[in-house]
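Colleague: have a look; sequence and predicted model below, questions after that.
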Amino acid sequence: MANINIDSIKERTFDAIVIGSGISGGWAAKEFCEKGLRTLVLERGRDVKHVKDYPTTNMYPYEFEHRLEMPYEDKQKNPIANRCYAYREDSAHFFVKDDEHPYIQEKEFDWIRGYQVGGKSLLWARQVQRWSDFDFEGPARDGFAVDWPIRYRDLAPWYDHVERFIGVAGNRDGVAELPDGDFLPAYPLNAVENHFKRVVASKYDNRHVISARCAHLSQPAPIHLEQGRVQCQNRVLCQRGCPFGGYFSSNASTLPWAEKTGNMTLRPFSVVESIIYDEQKGKAVGVRVIDTNTKEAIDFYSRVIFVNASALNSNLILLNSISNRFANGLGNDNGLLGKYIAFHSYTAVITGEYDGELAYRTDGRNPAGGGYIPRFRNVYRQETDFLRGWAATFNASRNPSTDTSGVGVSLKNRLLHSKLGNWRVGSHMMAETIPKESNKVWLDTAKKDQWGVPLLHIDVAYDDNDWKIRADYFEQMTAMFEAAGFQNVKTRNDDRRPGNDIHEMGGARMGHDPKTSLLNKWNQLHSCENVFVTDGACMTSTATQNPSLTYMALTARAVDYAFTLMKKGVL
Amino acid sequence: MQRRTALKQLFFIAGGIVLFPSCWGRANKASIALRKLHINAEQENLLAEIVESIIPETDSPGGRTLHLHLFVLKMIDDCHSEEDQQVFVQGLKDWDQEMNDTVGKSFLLASSDQRQSYLMDIEKDKAHPLSGFFMMTKRRAIQGYLNSAYVMKNKLIYELVPGRYNGYAKV
């Protein structure tokens, strides 16, 4: 008996455990496996194999029962998922259904989740921008949150490392607030996007319209071909999973790469209930998993643990990891775990028309989506009555407009011979939010999910700063649109709830001081040094950039550091 | 080939998707399986005629050939609220009575011109008792048409794999 038990424990023991297989977990897996460490990757959902498990990827619109529209019943049953722009008939199988995974909304919060191997990396918007020191220095300069324990120079080589592997299309724009990287050729702006770029450049000193930087293979390098990925084919059906591997996902890239080393054990259907802390050893020794098929609890062991469960679920796991030493959650000596949650405010849209550049239209599809305007407010100094600021998308399109009036032969003719109208232009705001102690998550003391894990309370809301930023966006973008000669300019409040931006961050923030932060500059828990958190939960502030690239860079950097400590025998 | 022909007779291809038939041999029911709507064969036929009048057969197929009326039924059945469904079913029930009252003829007996002008009257009059039914039907018929395999393969070609992007294509 004893031997069997020892063998069984041996089988369940690894060098490293990675909780989560999404965009950051996939990176932890790749980096550990490449360094020769036996790595267990735990995923709470089912497996999704690249290509094989993309059932809708090659379907034509007419092959979908409801032409991509979600049925009424599904909308009633899953209002949260249905509010996500990408939740449609071709991608619904990659989203969590509301009723299967409940949480408690203290205030309205749309928690969008993808519980499968690859997580939301299958569904993301693929926009990747580096942070600059204007972002890392923000909290210290403006007096909110705590000072980031790292600066751009700490992360720059890791941005390089990640960008080379995932493939990022972009220009070297020379904009200080959005550092250049190791790019593949950009997707060029179209006629009207370039017109707008020229107008903005001529009227404003420090405002830039650039080609959106995106994780697409505009021109694959050998490292991408080696992953089995080929050039993006401009389908822009990314949310279905891409058979070309044209955009970066864990499924197309990091996970198969890790698999190839022979060092990865991927275990789907494994909900992590908690991290096991050993009081004698004074460190974490493994994780407790609930097998979602058998409902059996199984313990796995390792020297280091990476928590990459997605921002709020990483908070949940830490909060649920209770021991004598940590009665309020793993690493939570200061009581700040689950607090200072922040996100991005996407609450504003502006649209217009343009009757210039009518000699042109677009042909094919642009996977980058168009242009990007980096934050220009309060960059070099505080200049407004709000903190921080906003970045924005900008895009122009010229699709035939279809006149659907009337009936009969004339209607049919109009449907089949629609005319090109004016260009349509649009932009949406991506604003920084300020982390606050009152924006927080915690565990319910009684209610549990079907695996016995406590339900998460989410208490997150906008504040006055967010509305001031929005007013500024409307004012400035309207002026910029009008300067460009756009007509029929309309601003619109996008009343989306927090969370619908799908950029939830914080709760286990990084910082210098164990009294005011959970993680150190290497993403290690201050008080449990073999546990690292490198997904959105680690974020001290949010900046305006799409965050995934930064999570990936932080993860690769943290794995490298953990490996160094393991070699030294410290971990 | 024979097998394919047989399959075509067993299922309805509405625009491109397969719709499953309702119970075999049951008289006076809609020809496709519906979950919520109660539609009989006459009503289905009337709907087919209305949809055909919206998108008629010309040198290319129209509503009836493309089974767009079945697509309309499918969408109303699956993608609309109960209130919408009530408006739809009631509209279909009231259609002939309404038309008799105003035109003095049922839709099926009316000439092509009479049908067209009747539909235009409804479209122009938002307060028309059949407006809700008609606009719902028209919207779904157009959606089904533009997204049909026929149109996407032959008329307004849908490219699954464009493989290019040009932001300065000459008009």
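Modeller: Yep, that arrived.

Colleague: check the offset of stretch A:338-351 from the chain's centre.
Modeller: Centroid separation for stretch A:338-351 versus its chain: 13 Å, with C-alpha atoms, centre = their mean, to the nearest Å.

Colleague: tell me the mean pLDDT over it?
Modeller: For stretch A:338-351, mean pLDDT rounds to 98.

Colleague: how close does the nearest residue to residue B:53 once chain neighbours are set aside sit to residue B:102?
Modeller: Leaving aside its chain neighbours, residue B:53 sits nearest to residue B:115 (4.6 Å; criterion: C-beta to C-beta, 6 or more residues apart in numbering or on different chains). Bear in mind the C-beta positions are built from the backbone N, C-alpha and C, glycine included. As judged by C-beta to C-beta, to the nearest Å, residue B:115 and residue B:102 stand 13 Å apart.

Colleague: could you list every residue that touches the residue nearest to residue B:53?
Modeller: Going by C-beta atoms under 8 Å, 6 or more residues apart in numbering or on different chains, residue B:115 touches B:49, B:53, B:107.

Colleague: what's around residue 153, how many residues?
Modeller: Assuming you mean chain A. 9 (other C-beta atoms under 10 Å in any protein chain shown).

Colleague: nope, chain B please
Modeller: Residue B:153, neighbours per other C-beta under 10 Å, totals 13.

Colleague: wait, residue A:114 touches residue A:123, no?
Modeller: Yes: if you go by C-beta atoms under 8 Å, residue A:114 and residue A:123 touch, sitting 5.6 Å apart.

Colleague: can you list residues touching both of the two?
Modeller: A:94-95.

Colleague: quick one: residue A:476 is in a strand?
Modeller: No: under DSSP: H, G, I helix; E, B strand; the rest coil, residue A:476 falls outside any strand and is assigned helix.

Colleague: the residue lying closest to it once chain neighbours are set aside and residue A:383, how far apart?
Modeller: With sequence-adjacent residues excluded and distances taken as C-beta to C-beta, 6+ apart, residue A:476 is closest to residue A:377, at 8.0 Å. According to C-beta to C-beta, residue A:377 stands 7 Å off from residue A:383.

Colleague: do the same with residue A:538
Modeller: Where residue A:383 is concerned, residue A:538 sits at a distance of 30 Å (C-beta to C-beta).

Colleague: of these two, who's got more company?
Modeller: Shown here are residue A:538 and residue A:383; by other C-beta under 10 Å, residue A:538 has more neighbours (28 against 10).

Colleague: thought that one was touching residue A:519?
Modeller: Yes: using C-beta under 8 Å as the test, residue A:538 is close enough to residue A:519 to be in contact (5.4 Å).

Colleague: where do the contact lists of those two overlap?
Modeller: Joint contacts of residue A:538 and residue A:519 (C-beta under 8 Å, 6+ apart) are A:508-510.

Colleague: now secondary structure too, for these, in JSON lines please.
Modeller: Below are the shared contacts of residue A:538 and residue A:519 laid out as JSON lines (three-state DSSP):
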{"residue": "A:508", "secondary structure": "coil"}
{"residue": "A:509", "secondary structure": "coil"}
{"residue": "A:510", "secondary structure": "strand"}
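
Colleague: most surrounded residue in the residues you listed?
Modeller: Neighbour max across the shared contacts of residue A:538 and residue A:519 (other C-beta under 10 Å) = residue A:508, 31 neighbours.

Colleague: was I right to think that residue contacts residue A:314?
Modeller: Yes: using C-beta under 8 Å, residue A:508 is in contact with residue A:314, at 6.6 Å.

Colleague: anything in contact with each of these two?
Modeller: A:533, A:537.

Colleague: got a list of what residue B:161 touches?
Modeller: A:233-235.

Colleague: in ChimeraX, select just the buried ones from those.
Modeller: Listed next is the ChimeraX selection for buried residues among those, using 16 or more other C-beta atoms under 10 Å in any protein chain shown:
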select /A:233,234,235
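
Colleague: and the contacts of residue B:161, which is closest to residue A:490?
Modeller: residue A:234 (29.2 Å; C-beta to C-beta).

Colleague: surely the residue nearest to residue B:53 is in a helix?
Modeller: Yes: Residue B:115 sits within a helix when classified using three-state DSSP.

Colleague: tell me the SS of the residue nearest in space to the middle of chain B?
Modeller: In chain B, the residue lying closest to the centroid (C-alpha atoms, centre = their mean) is residue B:69, at 2.6 Å. Taking three-state DSSP as the rule, one finds residue B:69 in the helix state.

Colleague: pLDDT at it, what is it?
Modeller: 98.

Colleague: which ones are touching it?
Modeller: Contacts of residue B:69 by C-beta under 8 Å, 6+ apart are B:44, B:47-48, B:50-52, B:63, B:141.

Colleague: go with 7 Å
Modeller: Contact analysis of residue B:69 by C-beta atoms under 7 Å, 6 or more residues apart in numbering or on different chains lists B:44, B:47-48, B:51, B:63.

Colleague: same check, this time on residue A:339
Modeller: A:437, A:440, A:507.

Colleague: read off the pLDDT value for the second one.
Modeller: Just to be clear, that refers to residue A:440. pLDDT for residue A:440: 98.

Colleague: again with the last one
Modeller: Residue A:507 carries a pLDDT score of 98 in this model.

Colleague: repeat that for the first one.
Modeller: The predicted structure scores residue A:437 at 98 on the pLDDT scale.

Colleague: what bridges to the closest residue to it other than its chain neighbours?
Modeller: Closest residue in space to residue A:437, ignoring its immediate chain neighbours: residue A:339 at 5.0 Å, by C-beta to C-beta, 6+ apart. Judged by DSSP bridges, the bridge partners of residue A:339 are residue A:507.

Colleague: residue A:555 is in contact with residue A:27, correct?
Modeller: Yes: counting by C-beta atoms under 7 Å, residue A:27 does reach residue A:555; the two are 4.3 Å apart.

Colleague: who has more neighbours, the two?
Modeller: residue A:27 (36 against 31).

Colleague: quick check: next helix or strand after the strand or helix carrying the more buried one?
Modeller: Using DSSP states H and E, the element containing residue A:27 is helix A:23-34. With elements assigned by DSSP H and E, the helix or strand that comes after helix A:23-34 is strand A:39-42.

Colleague: could you export that following strand as PDB, CA atoms only?
Modeller: Extracted as PDB, the C-alpha positions of strand A:39-42 are listed here (Å, rounded to 0.1, in the frame of the first residue of the first chain):
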ATOM      1  CA  THR A  39       5.200  21.100 -16.100                       C
ATOM      2  CA  LEU A  40       1.600  20.400 -15.200                       C
ATOM      3  CA  VAL A  41      -0.900  22.800 -16.900                       C
ATOM      4  CA  LEU A  42      -4.300  22.700 -15.300                       C
END
